[in-house]
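Engineer: Sequence first, predicted coordinates after that:
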Amino acid sequence: MGGNLLNTGPHPLDQALQLFGSEGMPEVTCFMRRAVTCGDAEDHVLLILSGEGRPLLQVEISSCCKYPGATYTVYGTRGGLTGDTGRLEWQYFDPAAAPALQLTTAPIQKPDGTPAYCSDSLAWRREEWLAPEGQGLFETMAAAFYSMLYRTLTEGAPLEITPQQVRQQIAVIEAAQRQNPHIYPGRGNARRAMAFVPALRGVGALATAQREREQPGPVRFRDVWGTTIDRGSVAHCSTLC
């Protein structure tokens, strides 16, 4: 088993689904390509998630992008955001201070009579975030994740990553694979779904351990599973609000 959606994809997909919300299943549109790989798995993925009243999300994962852009790009109705895991920048305007919009039906012209494009005069506010120096990204994420697990197993704290969230992510991945039979022929059977069993067992074990902690006796954690990240891939996530 492999491919960019399974190897690198779960990480940006998890972030995208956090923006979408875990209450329902998004509409999934996915394009996969084998561009430069010698194997039979995809090395380029374009995944689009949509839903009524939800942001329009685009996740792109590629091993053949020579000029990757920002990791995160947000298109908003009152501004936008761009950046990566080390730095984020966003700009926005105050709607109360913005000129009122008016529909213009007459041709727009410059003072010399030549055609002109429509435009706005807005006062933009700019802010930024910088990752704290010291621990690297992986170390920071790993410490936060396992600290959360420790609180769950020893103090009974709720899981911050729930089995329901994992189930939604797996459903999206399977829907994406079904739309690309040239790479995943016969995806409707259970053969490829077996790749997800370890992840489900691991998350299920956490929920089981949490329940068992509420009963007399020691806490038992049955399964621990790891993930290998394909460091040769680039993941890009953009959001249109």
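Structural biologist: That came through fine.
Engineer: For residue 91, grab phi and psi.
Structural biologist: Per-residue torsions, residue 91: phi -130, psi 150 (degrees, to the nearest 10).
Engineer: dump the residue contacts of residue 172.
Structural biologist: 13, 17, 25-26, 28, 47, 49 (C-beta atoms under 8 Å, 6 or more residues apart in numbering). Where C-beta positions appear, they are placed from N, C-alpha and C, glycine not excepted.
Engineer: okay, now residue 184: neighbour count?
Structural biologist: Look at residue 184: counted by other C-beta atoms under 10 Å, it has 20 neighbours.
Engineer: Are there helices or strands packed against the one helix or strand residue 141 maps to, and which ones?
Structural biologist: For residue 141, the element it lies in under DSSP states H and E is helix 137-155. Helix 137-155 sits against helix 197-213, with contacts defined as 3 or more C-beta pairs under 8 Å, 6 or more residues apart in numbering; DSSP states H and E.
Engineer: Where do the strands of the protein begin and end?
Structural biologist: For the chain, applying DSSP state E gives strands covering 27-33, 44-50, 56-62, 72-75, 79-83, 87-93, 124-130, 234-240.
Engineer: and the helix holding residue 141, average pLDDT?
Structural biologist: When pLDDT is averaged over helix 137-155, the result is 93.
Engineer: low-confidence ranges in the chain?
Structural biologist: 1, 188-241 (pLDDT under 70).
Engineer: could the strands of the chain go into JSON lines alongside mean neighbour count and distance to residue 5?
Structural biologist: Converted to JSON lines, these look like this (neighbours: other C-beta atoms under 10 Å; distance: least, C-beta to C-beta, whole Å):
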{"stretch": "strand 27-33", "mean neighbour count": "17", "distance to residue 5": "7"}
{"stretch": "strand 44-50", "mean neighbour count": "21", "distance to residue 5": "5"}
{"stretch": "strand 56-62", "mean neighbour count": "21", "distance to residue 5": "7"}
{"stretch": "strand 72-75", "mean neighbour count": "17", "distance to residue 5": "19"}
{"stretch": "strand 79-83", "mean neighbour count": "18", "distance to residue 5": "24"}
{"stretch": "strand 87-93", "mean neighbour count": "15", "distance to residue 5": "25"}
{"stretch": "strand 124-130", "mean neighbour count": "10", "distance to residue 5": "29"}
{"stretch": "strand 234-240", "mean neighbour count": "19", "distance to residue 5": "10"}
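Engineer: In JSON lines: the ones you listed, plus distance to residue 112.
Structural biologist: Output for the strands of the chain, formatted as JSON lines (distance: least, C-beta to C-beta, whole Å):
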{"stretch": "strand 27-33", "distance to residue 112": "46"}
{"stretch": "strand 44-50", "distance to residue 112": "44"}
{"stretch": "strand 56-62", "distance to residue 112": "40"}
{"stretch": "strand 72-75", "distance to residue 112": "34"}
{"stretch": "strand 79-83", "distance to residue 112": "33"}
{"stretch": "strand 87-93", "distance to residue 112": "30"}
{"stretch": "strand 124-130", "distance to residue 112": "29"}
{"stretch": "strand 234-240", "distance to residue 112": "37"}
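Engineer: Having no further points to raise, I will conclude here.
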